[in-house]
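**Q** from the sequence below, what's the structure:
(one chain, ligands or ions: 2)
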Amino acid sequence: MINFENVHKAYGHHEVLKGIDASIDRGKVVCLIGPSGSGKSTMLRCVNGLETYQSGRITIDATLVDTDDASIHDIRTRVAMVFQRFNLFPHRTALENVMEGPLYVLRQDRSDVRDRASDLLNRVGLGDKLNAYPGSLSGGQQQRVAIARALAMQPTAILFDEPTSALDPEMVGEVLHVMRGLAEEHMTMLVVTHEIQFAREVADSVLFLDGGRIVEQGPARDLLHQPRHERTRDFLRRVT
Ligand code: ADP
Ligand code: MG
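**A** Ligands and ions are numbered 1, 2, ... in the order given. Below you'll find the predicted structure:
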């Protein structure tokens, strides 16, 4: 469903992605792991057009991710992103945050949007926080609002960029729980994470990125239990 073919990306003279080949199949969870600075966020950002790439191809359902406005709009309505720092609108309630995209980007009917937003907040366990402002919510709750907001766009895939890294440890579980639920419902997900245990339990496959190259990719079981490359072994030793 999401395909990278020999994707190169540089910031100025600094080449950050050095020929990425990868594919994420529909309904699968792929975890992207690797050291800080290896290009994980850049890879995600190229998928939904937050960054442009210089060569190669990224396709989503066979549609080329291009940089013209129409293409970007199309991609953003189909692929949602959840960030490390929740990026909620501080002056809007949880419900209003979730309604924003369907109302103003998809231009759907307000009362339908409200009903669905409220269902989604229920689903992430925040049915009693519809009218709360982000500032009054914990980090874990804010991240669950952000996930509900992503779902409200009825995306075909969700990209997660270290969704639990900014959270206090006791809040990591509630966010992973919601993500596990999405995986069980076969949402297509590309997840940058340092939660190796989560990757072990939930990922169908894992990509290990180092220095802008995919060093190793394969089924989560194989890669996380019997990595073939020394660099992968090294990384896993350090994060687990
Ligand atoms: P990761 O998410 O794996 O930590 P990133 O994709 O954020 O890695 O960054 C990869 C490399 O690209 C790093 O060396 C980083 O400093 C550089 N980089 C990231 N964003 C920018 C930017 N907007 N401008 C210049 N360099 C950047
Ligand atoms: Mg990053």
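
**Q** strands of this structure, start to end?
**A** Using DSSP state E, the strands of the chain run over residues 2-11, 14-24, 29-33, 55-60, 63-64, 79-82, 157-161, 188-192, 205-210, 213-219.

**Q** and these, which is most packed in?
**A** Greatest average neighbour count among the strands of the chain goes to strand 29-33 (a mean of 26), per mean count of other Cβ atoms under 10 Å. Bear in mind the C-beta positions are built from the backbone N, C-alpha and C, glycine included.

**Q** and the residue lying closest to residue 49 once chain neighbours are set aside, what's its pLDDT?
**A** In space, and not counting its chain neighbours, residue 49 is closest to residue 72: 4.2 Å by Cβ to Cβ, 6 or more residues apart in numbering. As predicted, residue 72 sits at a pLDDT of 85.

**Q** begin at 374, not 1, for the rest of this chat.
**A** Taking 374 as the first residue, the last one we looked at is residue 445.

**Q** so residue 415 touches residue 388, yeah?
**A** No - here residue 415 does not reach residue 388: they are 10.6 Å apart, not a contact under Cβ atoms under 8 Å.

**Q** which one's the longest helix in the chain?
**A** helix 542-557 (DSSP state H).

**Q** name the residues of stretch 507-519 that are buried.
**A** Residues 507, 510, 512-519 are the ones in stretch 507-519 that count as buried (16 or more other Cβ atoms under 10 Å).

**Q** for those, which one is nearest residue 544?
**A** residue 513 (3.0 Å; Cβ to Cβ).

**Q** against residue 471, how distant is that closest one?
**A** 16 Å (Cβ to Cβ, to the nearest Å).

**Q** before we move on, the earlier item: what's the neighbour count on the residue nearest to residue 422?
**A** As a burial measure, residue 445 scores 16 neighbours (other Cβ atoms under 10 Å).

**Q** gap between it and residue 436?
**A** Separation of residue 445 from residue 436 (Cβ to Cβ): 12 Å.

**Q** cool, residue 528 as well?
**A** From residue 528 over to residue 436 (counting by Cβ to Cβ), the distance is 14 Å.

**Q** circling back to that earlier point, mean pLDDT lowest for which of the strands of the chain?
**A** strand 436-437 - the lowest mean pLDDT of the strands of the chain, at a mean of 89.

**Q** report the distance from it to the chain centre.
**A** Relative to its chain's centre, strand 436-437 lies at 19 Å (Cα atoms, centre = their mean, to the nearest Å).

**Q** next one: stretch 570-586
**A** 13 Å.

**Q** hmm, that stretch in reach of ligand 2?
**A** No - counting by Cβ under 5 Å from the ion, ligand 2 has no neighbours in stretch 570-586; the shortest distance is 10.3 Å.

**Q** pull up the distance across that stretch, start to finish.
**A** Stretch 570-586 has an end-to-end distance of 23 Å (Cα to Cα, to the nearest Å).
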